[in-house]
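[1] got a predicted structure here, sequence first:
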Amino acid sequence: MLTITCFGAVNEIGGNKILLEDSGSAMMLDFGKSFSAESSFFDEFLQPRTNSCLRDLLRLGLLPPIPGIYRHDLIRHADVWSTVSVRGLPASARRLFDADIASYDEYNHDNGPRLHGILLSHGHTDHCQHLSYIDRRIPVYCSAPTHAILRAAEDIGKGGFEADICQCPTRGIKQCGNTSTFPGEIGIEKDSEDCARDIRVVSESAVFQVAGFEIEAIPVDHSVPGALAYFIKTPSGKTVFYTGDIRFHGRFSIGPQSLTEALRVRTRGLRPDILITEGTRITSTKGDNEGDVERGIAEVVAGCTGLSIVDFGWKDTTRFQTILNVAKATGRIIAVSPKVAYLWSILHSMEPDAWPELSQSENVQVYLKRTQSLTYSLADYSNSKHLAGTCVDWGSTKEMREAFLSGDADYLGDRLCHYYGGVRAYDLAANPSKYILHAGYFDMNELLDVEPPAGSVFVRAATEPFSDEMVLDEKKLDHWLDFFNINDGAGILREHVSGHASGPDLLQFITDMQPGAVVPVHTQQPEVFERELSDRYEVVIPVLQTALSL
């Protein structure tokens with residue numbers, strides 16, 4: 001019998017963690033971070049403790065209490081108890097180092113795998129971030145672009161307890177040597193040997209097996225490349241369709257056919273027993289079109305006499321291409337974030353024809369930030385290599401030093417292409433009407449160097465605030481814009497369409513598919529599905545951590 005248990009995405013947007021179990025086979029649909037749940041306890045200045053992160057989140061109910069799926073080194077605090085227990089701590093102190101749940105190693109030793117795989121729909125944090133706590137030997141299935149996003153986020157991120165996505169170095173005991181300040185005392189360090197996660201890339205429309213589940217990967221349009229829906233045949237014969245996040249107004253395509261057209265053809269009359277569908281915008285009746293965004297921004301930029309500034313997500317390659325089209329139409333150069341350039345370089349390495357090198361376009365340069373000494377010294381970029389180039393592997397210190405001293409242009413140019421070919425603050429200040437600067441709230445201090453003149457504009461082409469923290473950030477953004485008199489004091493200009501389907505589009509999609517039952521997730525208004533669909537289909541509103549037998 002098939003059971004479905006939602007450990008996230010219930011009466012909230014994001015945090016998808018959906019467990020499917022049938023006849024001894026088990027797998028997860030996504031394993032994302034719930035921003036709303038975590039923000040109830042944590043913020044920028046209060047985070048889960050670095051070496052107690054997994055146990056902290058389990059204790060607070062922010063991770064599902066599923067035995068046999070989590071990393072042993074995080075569950076058992078690097079097995080530190082066997083060392084510290086002889087240092088005078090009472091037996092009762094053991095609870096400080098262990099979680100009351102079996103790790104992957106402990107569970108599999110007695111029972112075999114608890115979880116046979118995880119299907120990732122796409123590379124947004126609310127669908128994939130908590131993979132960092134999952135044992136690396138549990139297979140993760142995703143598209144090649146999603147894998148690229150995971151790699152890019154890991155390579156250019158700030159590290160920390162949620163950074164172990166593709167590489168999962170084990171935390172272990174370190175004993176201080178005789179020359180240390182406190183010989184014999186202990187600490188915890190990472191062992192980077194043999195730590196790659198088992199990520200299995202699936203191609204578009206591939207059919208593959210996970211234990212007793214037969215799965216078809218179906219490309220869908222979303223605000224990041226490589227998003228997949230999944231059509232699943234379970235061991236007991238039930239069929240399940242999982243949308244992930246989906247929209248019907250994007251620009252992604254397969255050959256001459258748009259992803260939306262291909263999806264409609266594939267799913268019309270599919271009649272799955274169960275449809276697990278997102279419903280982010282189920283109450284919105286607004287029709288969206290990326291072309292409208294392009295026309296709106298182009299009109300603003302064309303009328304701008306100073307610097308044009310546009311904010312959009314670095315993973316949103318569709319929006320980047322939209323702004324690039326605006327740059328071409330208005331004769332400007334987009335000074336893009338190095339994060340965009342780094343992700344694009346990984347995508348280019350996988351599919352050169354689909355993702356041509358950015359250097360081929362005369363309308364793109366990468367913005368080079370001042371950092372560290374603020375002198376544009378090469379040494380300033382040693383700890384954030386993606387700021388200086390698309391290659392974050394500089395080789396050994398000796399190799400880089402020899403290349404620098406000898407002026408090896410090939411070696412340096414590959415690793416420092418933004419340093420030598422990027423655009424800097426003083427370039428924008430000297431000729432602001434030549435550029436479109438890619439920048440959001442967290443980049444506003446760059447404006448102190450750029451000094452945007454009168455007539456400059458700021459357009460937010462990214463999602464509107466959906467949390468108290470984002471609302472506060474936007475108020476601060478308003479202060480920055482007012483200080484520099486950007487938008488002539490009119491506040492934030494907005495040109496954006498969502499990565500999610502509108503209510504009418506989604507309801508029509510469901511009607512065309514004709515499922516037996518509908519399970520709405522990733523929505524704050526699941527009751528709308530009941531109101532709109534219950535006369536034709538069974539609508540099952542999930543309850544958090546409660547198994548549905550369907």
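    Noted; the coordinates are in hand.
[2] how about D221, phi and psi?
    Reported as degrees, to the nearest 10, the phi and psi values for D221 are phi -90, psi 130.
[3] check F509 too.
    Here F509 shows phi and psi, under degrees, to the nearest 10, equal to phi -60, psi -40.
[4] that one contacts S502, doesn't it?
    No. In this structure F509 lies outside contact range of S502 using Cβ atoms under 8 Å: 10.5 Å. From N, CA and C alone the C-beta is placed, and that goes for glycine too.
[5] show me what contacts S337?
    314, 366-367, 438-439, 443 (Cβ atoms under 8 Å, 6 or more residues apart in numbering).
[6] mind doing that once more with 7 Å?
    If a contact means Cβ atoms under 7 Å, 6 or more residues apart in numbering, then S337 has 314, 367, 438 as its contacts.
[7] top of the residues you listed by neighbour count?
    Counting neighbours by other Cβ atoms under 10 Å, Y367 leads the contacts of S337 with 26 neighbours.
[8] tell me how far the nearest residue to it once chain neighbours are set aside lies from V224.
    The shortest distance from Y367 to any residue other than its chain neighbours is 4.2 Å, reached at A335 (Cβ to Cβ, 6 or more residues apart in numbering). Taken as Cβ to Cβ, to the nearest Å, the spacing of A335 relative to V224 amounts to 22 Å.
[9] all strands of the stretch 51-200 of the chain, in order?
    Ranges of strands in the stretch 51-200 of the chain, per DSSP state E, counting those that start in this stretch, are 118-119, 140-142, 170-175, 186-191, 199-201.
[10] tell me how far the second one is from the chain's mean position?
    In this case it means strand 140-142. From the chain centre to the centre of strand 140-142 is a distance of 14 Å (Cα atoms, centre = their mean, to the nearest Å).
[11] give me the contacts around it.
    For strand 140-142, the external contacting residues (Cβ under 7 Å, 6+ apart) are 117-120, 131, 197-202.
[12] neighbour count winner among A335 and V224?
    A335 (27 against 23).
[13] I'd like the mean pLDDT over stretch 337-356, please.
    Along stretch 337-356, the predicted local confidence has a mean pLDDT of 94.
[14] check stretch 59-73 too.
    94.
[15] how long is that stretch end to end?
    With Cα to Cα, to the nearest Å as the measure, stretch 59-73 spans 17 Å from end to end.
[16] show me what secondary structure element comes after the longest helix belonging to the chain.
    For the chain, the longest helix by residue count, based on DSSP state H, is helix 468-483. Proceeding C-terminally, helix 468-483 gives way to strand 493-494 as the next helix or strand, assigned by DSSP states H and E.
[17] dump the contacts of S337 to TSV, plus pLDDT.
    Rendered in TSV, the data for those read as follows (pLDDT from 0 to 100):
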residue	pLDDT
W314	95
Y367	98
H438	98
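[18] can I get these in TSV with distance to C304 and secondary structure?
    Written out in TSV, the entries for these read as follows (distance: Cβ to Cβ, whole Å; DSSP: H, G, I helix; E, B strand; the rest coil):
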residue	distance to C304	secondary structure
W314	23	coil
Y367	18	strand
H438	15	strand
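[19] circling back: the residue nearest to Y367 in helix, strand or coil?
    Each residue gets one of three states, and A335 gets strand by DSSP: H, G, I helix; E, B strand; the rest coil.
[20] list the beta-bridge partners for it.
    With DSSP bridges as the criterion, A335 is bridged to Q365, L437.
[21] looks like it contacts A425 (just checking).
    No. Using Cβ atoms under 7 Å, A335 and A425 do not qualify as a contacting pair, with a distance of 9.6 Å.
[22] report pLDDT for the closest residue to T239 other than its chain neighbours.
    Distances taken as Cβ to Cβ, 6+ apart put P272 closest to T239, at 4.4 Å, once the chain neighbours are dropped. The pLDDT attached to P272 in the predicted structure is 98.
[23] quick one: low-confidence ranges for the stretch 51-200 of the chain?
    In the predicted model, the stretch 51-200 of the chain carries pLDDT under 70 at residues 84-87, 192.
[24] still on that earlier bit, in a helix, the residue nearest to T239, correct?
    No. Under three-state DSSP, P272 sits outside any helix and is assigned coil.
[25] next, work out how far apart W355 and L343 are.
    Counting by Cβ to Cβ, the gap from W355 to L343 is 9 Å.
[26] of the two, give the one with the bigger neighbour count.
    Each of W355 and L343 has its neighbours counted (other Cβ under 10 Å); L343 has more, 29 against 19.
[27] which residue is the nearest non-sequential neighbour of that one?
    Sequence neighbours aside, A152 is the residue nearest to L343 in space, at 4.3 Å (criterion: Cβ to Cβ, 6+ apart).
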